[in-house]
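A.B. asks: Here is my input; please provide its structure:
(chains A, B, C and D)
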2 protein chains.
Amino acid sequence: MAGADQESSEHAGFDGARARMRLRVPSVAERVAEELRYQLAEGFLVPGSKLTEATIAEDLGVSRNTVREAFAELAGERLLLRQPNKGVYVATLEAGDIHDVYTVRRAIEVSSIRAGGSPERIAAVRAAVEEGKRAAAADDNEGLGSANQHFHGAIVALAESNRLDTIMAQILAEMRLYFHKATMNAHFYSDWLAENEQICAALEAGHLEEAGDLLLAYLNRSEQQQTAIHGD
Amino acid sequence: MAGADQESSEHAGFDGARARMRLRVPSVAERVAEELRYQLAEGFLVPGSKLTEATIAEDLGVSRNTVREAFAELAGERLLLRQPNKGVYVATLEAGDIHDVYTVRRAIEVSSIRAGGSPERIAAVRAAVEEGKRAAAADDNEGLGSANQHFHGAIVALAESNRLDTIMAQILAEMRLYFHKATMNAHFYSDWLAENEQICAALEAGHLEEAGDLLLAYLNRSEQQQTAIHGD
DNA sequence: TCTGCTGGATTGTTCAACAATCCAGCGATC
DNA sequence: GATCGCTGGATTGTTGAACAATCCAGCAGA
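C.D. replies: Numbers count the residues shown, from 1 in each chain, chains lettered A, B, ... in the order given. Here you go, the predicted model:
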């Protein structure tokens, strides 16, 4: 799941006709999960810290059972770690996790871009690139980060696969948690702004092999950088 | 999640030294989820059928809340579909789902095999091939199916990524559910037995490009076949 | 035939309780 | 002084019961 769309059948998109006319009232458990996801992404909850059921239940004014349901969901997304009879903890970066995450990203991002995509989807990639440029011009470090996430999300969206989108959304949520603002300096953002432009241009020109190679190179370098900062 | 390993840090494998000396006593909720997973894989619960909380709770002799936790887990794995205020149903094949699933498989399987793997991991692939041959010789249709799943699981395991393993395990569970024994005749199995041998041989010889191409061709053809049977 | 209501069934959520488990602290022993 | 074993408190795991919210099938009436 992961905050992503969950319209069962057709792929989420500008689905013009036949909109889901369903007043979506998220259940309490879902809202709790959403709130926790937010706090995790925002850095209020740092990796390793413990989440006590009773405390969270009281803070949010919900039942302990409901909190448990939310915990289960977030544990499934690897954002929380459940240790039986001990408690749930905010996930921490274990040895090999960085490589693990980037292995998934290489698999799904490169495969998606190599298969190309519809003009609309490509336009979405372009939009993310421009979003990044605007954020850079405005010196909006926050915006730069999310623009980059939109860029990579848009690349995966090229494949028009709900499942891949969900997987990518989860991976990005993990990265937000682990590589939080605090740990990333502006230095990082300088490089890939131009690089995203290059990748996008290659994609638009139909040079899919080249686009894939560029993207792969970026991911490899990014993994190296992250590994250099956080151990192993 | 997904019956797969969840030893946090190092990748599951023949981890000789430092074994987890932890008496793993699965919680009740986990056992309920396991039982349901089993019934889903075995075909006792057919796609589309409804699962009533109270009924399952009584059948398994557990509390309704516990059943709910198990439901949440399986819904996260896409094996069950939760419809708010209506109930949970065994997931059904929606339009585009076949393509969706195969898109994921192409991404992670091909990427994994193209990156090669350690001799031990390659040996595991070989073992799955031989397992298939033995099942074929014994006319064991059941065994043929799981041998094939082991084969593709072993290919993904080449990448040594817990996350990819988990994703693959979920996808395979979905396929067991959708393309159940009932729907697959022996005809299917005849082809890929030889093909798996070919792929494995290419892998062992270090011809990774070729192995990837063969695997990709197989997946494309398999998708076509499945699409031909179950509509779009 | 269609509309609108109504009652029963099921889900969503809460609450309170208890068993199982863990952990920190504290003596007792060597 | 270090190790061992115990004990008490805190937290999780699970249950059962309750109630509100929601849905659905069936039925009455136009």
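A.B. asks: helices and strands of chain A: which one has the lowest mean pLDDT?
C.D. replies: helix A:186-204 (a mean of 84; mean pLDDT, DSSP states H and E).
A.B. asks: Other residues contacting that one?
C.D. replies: A:113, A:116-117, A:122, A:125-126, A:128-129, A:132-133, A:136, A:141, A:144-145, A:148, A:151, A:208, A:210-211, A:214-215, A:218, A:222, A:225 (CB atoms under 8 Å, 6 or more residues apart in numbering or on different chains). (Glycine included, C-beta is placed from N, CA and C.)
A.B. asks: Ok, stretch A:214-231 next?
C.D. replies: Outside of stretch A:214-231, the residues within contact range by CB under 8 Å, 6+ apart are A:93, A:95, A:98-99, A:102, A:105-106, A:109-110, A:113, A:155, A:178-179, A:183, A:188, A:192, A:195, A:198-199, A:202.
A.B. asks: in that stretch, what counts as buried?
C.D. replies: Residues of stretch A:214-231 classed as buried by neighbour count (16 or more other CB atoms under 10 Å in any protein chain shown): A:214-216, A:218-219, A:222-223, A:225-226.
A.B. asks: part of a helix, is residue A:89?
C.D. replies: No - counting by DSSP: H, G, I helix; E, B strand; the rest coil, one finds residue A:89 to be strand, located in no helix.
A.B. asks: Based on its surroundings, how many neighbours for it?
C.D. replies: Neighbour count for residue A:89, taken as other CB atoms under 10 Å in any protein chain shown: 16.
A.B. asks: pLDDT score for it?
C.D. replies: At residue A:89, the pLDDT value in this model is 95.
A.B. asks: do you know how far the closest residue to residue A:180 other than its chain neighbours is from residue B:231?
C.D. replies: The shortest distance from residue A:180 to any non-neighbouring residue, by CB to CB, 6 or more residues apart in numbering or on different chains, is to residue A:43 (4.7 Å). Going from residue A:43 to residue B:231 by CB to CB, to the nearest Å gives 47 Å.
A.B. asks: Name the helix or strand for the residue most central in space within chain A, please.
C.D. replies: Centroid check for chain A by CA atoms, centre = their mean gives residue A:172 as the closest residue, at 2.0 Å. For residue A:172, the host element (DSSP states H and E) is helix A:162-178.
A.B. asks: Checking the residue of chain A most remote from its centre next. Helix, strand or coil?
C.D. replies: Seen from the C-alpha centroid of chain A, the residue lying at the greatest distance (CA atoms, centre = their mean) is residue A:85, 29.9 Å away. Look at residue A:85: counting by three-state DSSP, its state is coil.
A.B. asks: What number of neighbouring residues does the residue lying closest to residue A:131 once chain neighbours are set aside come out with?
C.D. replies: Nearest non-adjacent residue to residue A:131, counting by CB to CB, 6+ apart: residue A:147, 4.3 Å away. For residue A:147, the neighbour count with other CB under 10 Å is 23.
A.B. asks: tell me the angle the helix or strand containing residue A:147 makes with helix A:186-204.
C.D. replies: Using DSSP H and E, residue A:147 maps to helix A:141-157. Counting by axes from the mean of the first three to the mean of the last three CA atoms, to 10 degrees, helix A:141-157 points 30 degrees away from the direction of helix A:186-204.
A.B. asks: Tell me the buried residues in the helix or strand containing residue A:39?
C.D. replies: Residue A:39 belongs to helix A:28-42 when assigned by DSSP H and E. The neighbour-count check on helix A:28-42 (16+ other CB under 10 Å) flags A:29-30, A:32-33, A:36-37, A:40-41 as buried.
A.B. asks: In CSV: the residues you listed, plus pLDDT.
C.D. replies: Shown next, in CSV, are the buried residues of helix A:28-42 (pLDDT from 0 to 100):
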residue, pLDDT
A:29, 90
A:30, 92
A:32, 95
A:33, 95
A:36, 95
A:37, 95
A:40, 93
A:41, 91
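A.B. asks: List just the nearest of the residues you listed to DNA strand C.
C.D. replies: Checking the buried residues of helix A:28-42 against DNA strand C with CB to the nearest atom of the strand, the nearest one is residue A:29 at 4.4 Å.
A.B. asks: so what's the closest one up against?
C.D. replies: Counted by CB under 8 Å, 6+ apart, residue A:29 has contacts A:66, A:69-70, A:73.
A.B. asks: my guess is residue A:56 meets residue A:68, correct?
C.D. replies: No - proximity of residue A:56 to residue A:68 does not meet the contact threshold set by CB atoms under 8 Å, at 9.8 Å.
A.B. asks: which parts of chain A sit against DNA strand C?
C.D. replies: Applying CB under 7 Å from any atom of the strand, we find that chain A lies next to DNA strand C at A:27-29, A:61-66, A:84-86.
A.B. asks: What about residue A:145, how many residues nearby?
C.D. replies: Residues near residue A:145, counting by other CB under 10 Å: 20.
A.B. asks: Which PyMOL command selects the buried ones in the residues of chain A next to DNA strand C?
C.D. replies: To isolate the buried ones among these in PyMOL, judged by 16+ other CB under 10 Å, type:
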select buried, chain A and resi 29+62+66
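A.B. asks: among the residues of chain A next to DNA strand C, which one has the lowest pLDDT?
C.D. replies: Lowest-confidence member of the residues of chain A next to DNA strand C: residue A:27, scoring 87 (pLDDT).
A.B. asks: how near is that residue to residue A:156?
C.D. replies: For residue A:27, the distance to residue A:156 - CB to CB - is 28 Å.
A.B. asks: measure residue A:86 to residue A:50 for me?
C.D. replies: 9 Å.
A.B. asks: what do you get for residue A:122?
C.D. replies: To residue A:50, residue A:122 is 45 Å away according to CB to CB.
A.B. asks: So for those two, which sits in the more crowded spot?
C.D. replies: Neighbours per residue (other CB under 10 Å) separate residue A:122 from residue A:50, with residue A:122 holding more: 19 against 12.
A.B. asks: Name all residues that make contact with that one.
C.D. replies: Counting by CB under 8 Å, 6+ apart, residue A:122 has contacts A:116, A:158, A:203-204.
A.B. asks: Now that you've got those, can you turn the buried subset into something I can paste into ChimeraX?
C.D. replies: Here is the ChimeraX selection string for the buried members of these, based on 16+ other CB under 10 Å:
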select /A:158,203
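A.B. asks: which one of the contacts of residue A:122 sits closest to DNA strand D?
C.D. replies: Set against DNA strand D, the nearest of the contacts of residue A:122 by CB to the nearest atom of the strand is residue A:158 (34.7 Å).
A.B. asks: Ramachandran angles for the closest one?
C.D. replies: With angles defined as degrees, to the nearest 10, residue A:158 sits at phi -60, psi -30.
A.B. asks: Alright, I will stop here.
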